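Asker: next input, structure requested:
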Amino acid sequence: MVAAGVITPDVAAAIERHYAAVDSSRKGFGFVILAAIGSALIGAGIILLVAHNWDDLSRPLRCAIAFLPLVVSICLGLFVLRRRVESAAWREGVSLFNIAAFAAALSLVSQTYQIQGSFADFIGVCLLVALPVVYLFGANLAAVVYIIGCGLWILTMSSWSFDHPGQTFFWLFFAAIIPFYFGVYRKGRRGWTFGALSVALVASGMAGVAVTESFSHLQIGPVVFGGSFALVYLCGICRTNESINTLTVLGALGIVATALILTFKDPWRLRDITPWVSLGTEQHIAGAVCILFPVAAIGLAVWAIWSGQIEYSIAAACLPAVAFVGRAFAGSSQGALMASVLFNTYALVLGVELLIRGIRADSVTRANFGLLVVALLACCRFFDSDMSFVSRGVGFIAVGAAFLVANILFFKNRASA
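Answerer: Down below sits the predicted model:
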């Protein structure tokens, strides 16, 4: 193309550098995955070899075997920090080996000496050890493992009783990894690292939100989940020209799912509410944590509008405020019906706004997503409404026709452009 005069030599060199960097990133990702798989296979093989004769070994020998992988992992860690700190594959593999070796040693020693404790206690101790490993090696896969461990810890803590004390410590574990995630967030929002960490963080965070809200006995689940997903959505868009990234997608999907669920009456039927003064200190803390998410989402949306730095779906950002109104309605005699009607209207407005934004941005994907929201709303009413079959059929035909017309117009405009 340079010989034909289509592009200049400088542009050709820039293109070559760009694709060389992309290839290097892909190779680095491959090395990291292979290193992680290799470490896991080696550890599994060692465990199987030892387990074959485990019952015939004395207690001191069992302890020596239990601590041997941990000592090896520490030695390898020192080697990596001194000689291979620039290698992502070495850092990722050794960090996972460190965490796995400690977990294996802890479990084997506990089994050998019959040390009592729950599975949640075991995970909690492993998290305390895994956290410094993540920061010491700057290991992304170890961070994903840590975040998943946080979610597993809170779920095991609440598996037998939602009133089990100590559940709010989850937010200390969760907050401890936020600085690491923020560092990845600032570097860019396009790579696999940011995507994997975001999925793990949102999934673990929502598990914590669900358990904490139930533990607080405030029955403000719609407000808390609406605020949480709105906060994720706004954080994904904030201070970036990239309209689509993992956080944005997760937040948008969560907002739509929450809005559609709240169009039904059952989520708004309040059970017996425990008076606030009758709750314990930890439950007061849990309630404060729950309120923090919708308040933070509303504050971030107001700041963004005031500063004019980002552009986003106004309806999506308004979900926490609408949920607050719905929760206020739910306290009355016809509250469930009024709240469900409010959210049916909100979901329709959300779908239409997303459709309009997609048309203005000339984005088929966004426009179809808005139509999909309207179609899902119609499906919800199909199972929840007293409308006749004729009315339902006409509604589905209208939504389907809107899909076809919108896509035909999009492709005609692109063809004529």
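
Asker: tell me the spacing between the spatially most central residue of the chain and residue 172.
Answerer: The C-alpha lying nearest the average C-alpha coordinate of the chain belongs to residue 202 (C-alpha atoms, centre = their mean; 1.7 Å). Separation of residue 202 from residue 172 (C-beta to C-beta, to the nearest Å): 19 Å. (C-beta placed from N, C-alpha, C; glycine too.)

Asker: phi, psi for the residue nearest to the centre of the chain please.
Answerer: For residue 202, the backbone dihedrals (degrees, to the nearest 10) come out as phi -70, psi -40.

Asker: count of neighbours near the residue nearest to it when sequence neighbours are not counted?
Answerer: In space, and not counting its chain neighbours, residue 202 is closest to residue 250: 4.9 Å by C-beta to C-beta, 6 or more residues apart in numbering. When neighbours are defined as other C-beta atoms under 10 Å, residue 250 has 21 of them.

Asker: just to check, residue 250 is in contact with residue 197?
Answerer: No - using C-beta atoms under 8 Å, residue 250 makes no contact with residue 197, being 11.5 Å away.

Asker: residues contacting residue 338?
Answerer: By C-beta atoms under 8 Å, 6 or more residues apart in numbering, the contact set of residue 338 is 329, 332.

Asker: pLDDT score for it?
Answerer: Here, the pLDDT recorded for residue 338 equals 88.

Asker: do the same with residue 72
Answerer: Note on residue 72: pLDDT of 87.

Asker: which helix or strand contains it?
Answerer: Mapping residue 72 onto the secondary structure by DSSP states H and E places it in helix 59-83.

Asker: next structured bit after that helix?
Answerer: Where DSSP H and E defines the elements, the next helix or strand beyond helix 59-83 is helix 88-112.

Asker: buried residues in that next one?
Answerer: For helix 88-112, burial by neighbour count (16 or more other C-beta atoms under 10 Å) applies to 88-106, 108, 110, 112.

Asker: name the helix or strand of this protein that has the lowest mean pLDDT.
Answerer: Within the chain, confidence by mean pLDDT, DSSP states H and E is lowest for helix 9-52 among all helices and strands, at a mean of 57.

Asker: low-confidence ranges in the stretch 151-300 of the chain?
Answerer: Scanning the stretch 151-300 of the chain for pLDDT under 70 picks out 159-164, 239-243, 272-274, 276-277.

Asker: mind listing the helices in it by residue range?
Answerer: Using DSSP state H, counting those that start in this stretch, the helices of the stretch 151-300 of the chain run over 170-187, 192-216, 221-237, 246-261, 281-307.

Asker: which residues touch the shortest one?
Answerer: Counting by C-beta under 8 Å, 6+ apart, the neighbours of helix 246-261 from elsewhere in the structure are 189, 194-195, 198-199, 202, 206, 222, 225-226, 228-237, 267, 313, 316, 319, 343, 346-347, 350, 369, 373, 376-377, 380.

Asker: count the neighbours of the spatially closest residue to residue 91 that is not a sequence neighbour for me.
Answerer: Distances taken as C-beta to C-beta, 6+ apart put residue 137 closest to residue 91, at 4.5 Å, once the chain neighbours are dropped. Residue 137 is flanked by 24 other residues according to other C-beta under 10 Å.

Asker: which residues does residue 137 contact?
Answerer: Going by C-beta under 8 Å, 6+ apart, residue 137 touches 77, 80-81, 91-92, 94-95.

Asker: for these, which one is nearest residue 141?
Answerer: Nearest to residue 141 among these, counting by C-beta to C-beta, is residue 92 at 4.9 Å.

Asker: identify all contacting residues around stretch 112-128.
Answerer: With C-beta under 8 Å, 6+ apart as the test, stretch 112-128 has contacts from 59, 62-63, 66, 99, 102-103, 106-107, 109-110, 146, 149-150, 152-153, 156-157, 169, 173.
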